[in-house]
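Asker: Turn this into a model:
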Amino acid sequence: MKSKTSQIVVLRLGHRKERDKRISTHVALVARAFGASKIIFSGEYDKSLLKSVQKVTQIWGGEFEISYEKNWKKWMQNFAGIKVHLTMYGVNFKERLSEIKKLSETKDIAIIIGSEKVPKEVYKLADYNLAIGNQPHSEVSALAIFLYELNERKIPESFQNAKLKIIPQEKGKKIMKLLNA
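Answerer: Numbering: from 1, shown residues only. Model (predicted):
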């Protein structure tokens, strides 16, 4: 996993409360499960989305934050780390991955993903406009693949302060309540 000296923040542009609630939740779950420390939503404010993701973190553990930012452009301009915009129009992420990994040893990373049409300012403000592939695909899959590769193909298996833990098995579902819960 990435070093503790830098953090990964995901900026989700253009959340639409009614249309995107499931996909935005999935984006947040992927961000958390694949090693990001925070997700920021812009677009319509959605209190139920924030509460839903906070509840997942309370139950399954970890130090994952979720917040809302009305002015995404100002946020991007003020972000001092590396800004990586995931877009199918970008260059293949593998061409820049080692460079980003090296920079991330000392700088935070913001991964920017859209929902509706991404404003052209995003392309200009980003340090990197990268594609997982140059065909239409889900921002959820793009985020998962990028985080997986960025984090050396490692996914956290457990999180601190978790109240529940899955016991992996071939068939069925088994969840264990943890003592610290």
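
Asker: Thought Ala36 was touching Ile155, still the case?
Answerer: No - contact criterion Cβ atoms under 8 Å: Ile155 and Ala36 do not qualify, at 11.9 Å. In short, each C-beta sits where N, CA and C put it, glycine included.

Asker: Those two: which has the busier surroundings?
Answerer: Ala36 (25 against 12; other Cβ atoms under 10 Å).

Asker: residues touching that one, list them.
Answerer: Listed by Cβ atoms under 8 Å, 6 or more residues apart in numbering, the contact set of Ala36 reads Gln7, Ile8, Val9, Val10, Phe64, Ile111, Leu147.

Asker: mind checking pLDDT for it?
Answerer: pLDDT for Ala36: 95.

Asker: Shouldn't it be within a strand?
Answerer: No - checked against DSSP: H, G, I helix; E, B strand; the rest coil, Ala36 lies outside a strand; its state is coil.

Asker: Could you tell me the phi and psi values at it?
Answerer: Dihedral pair for Ala36: phi -70, psi 150, per degrees, to the nearest 10.

Asker: buried stuff in the strand ranked longest in the chain?
Answerer: Secondary structure assigned by DSSP state E gives strand 82-92 as the longest strand of the chain. Residues of strand 82-92 classed as buried under the neighbour-count rule (16 or more other Cβ atoms under 10 Å) are Ile82, Lys83, Val84, His85, Leu86, Thr87, Gly90.

Asker: Tell me the gap between it and the middle of its chain.
Answerer: Between the centre of strand 82-92 and the centre of its chain there are 14 Å (Cα atoms, centre = their mean, to the nearest Å).

Asker: and Ala28, how many residues sit next to it?
Answerer: Using other Cβ under 10 Å: Ala28 sits among 27 other residues.

Asker: Quickly find the element holding it.
Answerer: Assigned by DSSP states H and E, Ala28 belongs to helix 17-33.

Asker: for Leu130, same thing?
Answerer: strand 128-131.

Asker: Given that strand, what are its sheet partners and their directions?
Answerer: According to DSSP bridges, strand 128-131 forms sheet pairs with strand 82-92 (parallel).

Asker: Would you mind measuring from Thr25 to Leu49?
Answerer: Distance of Thr25 to Leu49, given as Cβ to Cβ, to the nearest Å: 6 Å.

Asker: These two: which has the busier surroundings?
Answerer: With neighbours defined as other Cβ under 10 Å, Thr25 and Leu49 compare such that Leu49 has more, 24 against 17.

Asker: Now do that one, the pLDDT please.
Answerer: 91.

Asker: pretty sure it is touching Arg12, no?
Answerer: No - between Leu49 and Arg12 there is no contact, the gap being 9.8 Å when judged by Cβ under 8 Å.
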